[in-house]
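Undergrad: here is a sequence together with a model predicted from it:
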Amino acid sequence: MTAASTGTGPLEVDITRKVFRGADGSHTHAIERIAFEAPAGSFTTLIGPSGCGKTTTLRIVLGLDAAYAGSVSRPDPDGRIAVVFQEPRLLPWRTVDQNVRLALPAGMENENLDDLFEIVGLSQMRQRFPTELSLGLARRVALARAFAIRPSLLLLDEPFVSLDEMTATRLRQLLITVWSARRTTALMVTHNLREAVQLSDRIVFLTERPATVRGIIEIETPRKDRSADWREAQVKAIDTRFPGVL
Ligand SMILES: Nc1ncnc2c1ncn2[C@@H]1O[C@H](COP(=O)(O)OP(=O)(O)OP(=O)(O)O)[C@@H](O)[C@H]1O
């Protein structure tokens, strides 16, 4: 089912100010203005320098931080939001199958997840425990857990850091496969421009803190045509347009 047929709208973010205030009276002006739209069913990436406010933006979109000025309009106000963190965050005393099922909301407990486990290549590992998995496999479980709940919004915070390049490449392809099968509006944070170019429909570039939007680019080339050469050419063109993003 496509996002359009579920009747969900875009994700609209307009954060006009975010300041962290410490108990000692200190201030950290994290966000000056971050405004962008992620169309329903699209894959949008936020990219910017370290400490510029990317995770803060995700936390605001997720609803974990309400102390900001501005507004966030989610694709479906009653819909579910899934998050994939840098760390897989699996319960070690539960099997792979149980870890994924724990995320299922009431009414979906008996959901048949065979297709999902098949797509992420975990069909043979459902009865394993997290300690028996490599970091790459654990991250597959985290992806399966996120998609299992059929979220109307998927947030990913640097989901492929600390992986060797081969594993990260495989996982990026896998993310696109499962996202294509269970299409939802996705917003990812990354430091990796090559990753952003490979995965995204839209990339939002942020400035140094306090963050503002430096520019937004659309990528219309179908993902299947994004060869290694094409990606390198894109990365070069973007680095010329936004010096220092690499
Ligand atoms: N709870 C907090 N209290 C005070 N300052 C905070 C808090 N959380 C984040 N900050 C500060 O706000 C700024 C933005 O942090 P944030 O984690 O959003 O950046 P980021 O772009 O995700 O960084 P990175 O790329 O390194 O993950 C940083 O200067 C950070 O130190």
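TA: Thanks, I have the structure now.
Undergrad: what sits opposite the spatially most central residue of the chain in the beta ladder?
TA: Centroid check for the chain by CA atoms, centre = their mean gives residue 156 as the closest residue, at 2.3 Å. In this structure, residue 156 bridges to residue 84, residue 188 when assessed by DSSP bridges.
Undergrad: can you pull the pLDDT of it?
TA: Looking at residue 156, its pLDDT is 97.
Undergrad: that one is in contact with residue 186, isn't it?
TA: Yes. At 6.7 Å, residue 156 counts as touching residue 186 under the criterion of CB atoms under 8 Å. In short, each C-beta sits where N, CA and C put it, glycine included.
Undergrad: next one: stretch 138-151 to chain centre, how far?
TA: On the basis of CA atoms, centre = their mean, to the nearest Å, stretch 138-151 sits 12 Å off its chain's mean C-alpha point.
Undergrad: just the buried residues of the top helix by length along the chain, please?
TA: In the chain, ranked by residue count with DSSP state H as the criterion, the top helix is helix 165-181. Buried positions in helix 165-181, judged by neighbour count with 16 or more other CB atoms under 10 Å: 167-168, 171-172, 174-176, 178-179.
Undergrad: those also near the ligand: which ones?
TA: Counting by CB under 6 Å from any ligand atom, nothing from those sits close to the ligand.
Undergrad: just these now: which is nearest residue 79?
TA: residue 179 (15.9 Å; CB to CB).
Undergrad: that closest one is in contact with residue 186, isn't it?
TA: Yes. Using CB under 8 Å, residue 179 is in contact with residue 186, at 6.2 Å.
Undergrad: tell me, what's touching those two both at once?
TA: 43, 154 (CB atoms under 8 Å, 6 or more residues apart in numbering).
Undergrad: just give me the closest of the buried residues of helix 165-181 to the ligand.
TA: Comparing the buried residues of helix 165-181 against the ligand with CB to the nearest ligand atom picks out residue 168 as the nearest, at 17.1 Å.
Undergrad: what sits against the closest one?
TA: The contact partners of residue 168, taken as CB under 8 Å, 6+ apart, are 160, 195.
Undergrad: now do it, the pLDDT please.
TA: pLDDT, residue 168: 93.
Undergrad: now do residue 1
TA: Reported pLDDT at residue 1 in the predicted model: 35.
Undergrad: cool, residue 113 as well?
TA: Note on residue 113: pLDDT of 96.
Undergrad: is it in contact with residue 99, as I believe?
TA: No. Contact criterion CB under 8 Å: residue 113 and residue 99 do not qualify, at 11.5 Å.
Undergrad: neighbour count: the two, which is higher?
TA: Applying other CB atoms under 10 Å to residue 113 and residue 99 shows that residue 99 carries more neighbours, namely 24 against 20.
Undergrad: mind checking the SS state of the nearest residue to that one once chain neighbours are set aside?
TA: Once flanking residues are discounted, residue 99 sits nearest to residue 90: 4.9 Å by CB to CB, 6 or more residues apart in numbering. Under DSSP: H, G, I helix; E, B strand; the rest coil, residue 90 falls in the coil class.
Undergrad: near the ligand, which residues of this protein show up?
TA: By CB under 6 Å from any ligand atom, the part of the chain that sits against the ligand consists of 20, 28, 30, 48, 50-56, 209.
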